[in-house]
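Chemist: Provide a 3D model corresponding to the input given below.
(2 chains)
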Amino acid sequence: QKEVEQNSGPLSVPEGAIASLNCTYSDRGSQSFFWYRQYSGKSPELIMFIYSNGDKEDGRFTAQLNKASQYVSLLIRDSQPSDSATYLCAVGTGGGNKLTFGTGTQLKVEL
Amino acid sequence: GAVVSQHPSWVICKSGTSVKIECRSLDFQATTMFWYRQFPKQSLMLMATSNEGSKATYEQGVEKDKFLINHASLTLSTLTVTSAHPEDSSFYICSAPGTRQDTQYFGPGTRLTVL
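Modeler: Residues are numbered from 1 along each chain as shown, chains lettered A, B, ... in the order given. Have a look, this model is predicted:
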């Protein structure tokens, strides 16, 4: 069974700090990796996707992928209170768009 | 990103009744759409893959006779929860694939409450 694991949190960081969110996956055949943000009562919003090993930066967000360790992370620089949400890691096999989601990490950015 | 809408955004119904939820792709065509269910403080669970012009593909453990999916056009998929019971109360979310590999764009979700 394909699994995606995340620490449920909550992860609390002060405003302006770097938030680091981690995710591991079990299927070595996974080819695509996603981070979604979900506010309470809302549907997920795509933040970033990454397909290759290494880092990918987009504004304050950096996704990091290490396929050998089956590990993907999301760094949020200069965290803001509006970043407080649940962050879902999702993994795809590249064969038809089906995604497997982790249970999410709740992030709280405190003033 | 692509825009996906859902209707209604919330619905309350009596036990034993059926409820239809619509999912539309507003500015693009989608031959495939996905239906998820999310219980409080849990992750998204894929229920089924909706295929335009053919039968939906259901995930293991999802009753296809209870959760009827119709994908009649390239912009509309519907999920009908038949004979709903309180345990069907959940947040139902649809999504459509984006242009990049495996990307999905989600609709705003439908909150179903069965009394």
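
Chemist: just the strands in chain A please.
Modeler: For chain A, applying DSSP state E gives strands covering A:4-5, A:11-14, A:19-25, A:32-38, A:45-50, A:54-58, A:61-66, A:71-76, A:85-92, A:99-101, A:105-110.

Chemist: Distance to residue B:69 for these - can I get that in TSV?
Modeler: To be clear about C-beta, it is placed using only N, CA and C from the backbone, and glycine gets the same treatment. Output for those, formatted as TSV (distance: least, C-beta to C-beta, whole Å):
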stretch	distance to residue B:69
strand A:4-5	25
strand A:11-14	36
strand A:19-25	28
strand A:32-38	23
strand A:45-50	23
strand A:54-58	34
strand A:61-66	32
strand A:71-76	31
strand A:85-92	21
strand A:99-101	18
strand A:105-110	31
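
Chemist: Residue A:16 and residue A:63: what is the separation?
Modeler: With the distance defined as C-beta to C-beta, to the nearest Å, residue A:16 ends up 21 Å from residue A:63.

Chemist: In chain A, which residue sits nearest chain B?
Modeler: Distances between chain A and chain B by C-beta to the nearest C-beta are smallest at residue A:92, namely 3.3 Å.

Chemist: you'd agree that residue is up against residue A:31?
Modeler: Yes. Counting by C-beta atoms under 8 Å, residue A:92 does reach residue A:31; the two are 6.5 Å apart.

Chemist: which of those two has more neighbours?
Modeler: The residue with more neighbours, out of residue A:92 and residue A:31, is residue A:92; 22 against 15, by other C-beta atoms under 10 Å in any protein chain shown.

Chemist: Report the separation between the more buried one and residue B:104.
Modeler: According to C-beta to C-beta, residue A:92 stands 9 Å off from residue B:104.

Chemist: Quickly list what's touching both of the two.
Modeler: Counting by C-beta atoms under 8 Å, 6 or more residues apart in numbering or on different chains, the contacts common to residue A:92 and residue B:104 are residue A:99.

Chemist: returning to what we had before: compare residue A:16 and residue A:63 (neighbour count), which wins?
Modeler: Shown here are residue A:16 and residue A:63; by other C-beta under 10 Å, residue A:63 has more neighbours (23 against 11).
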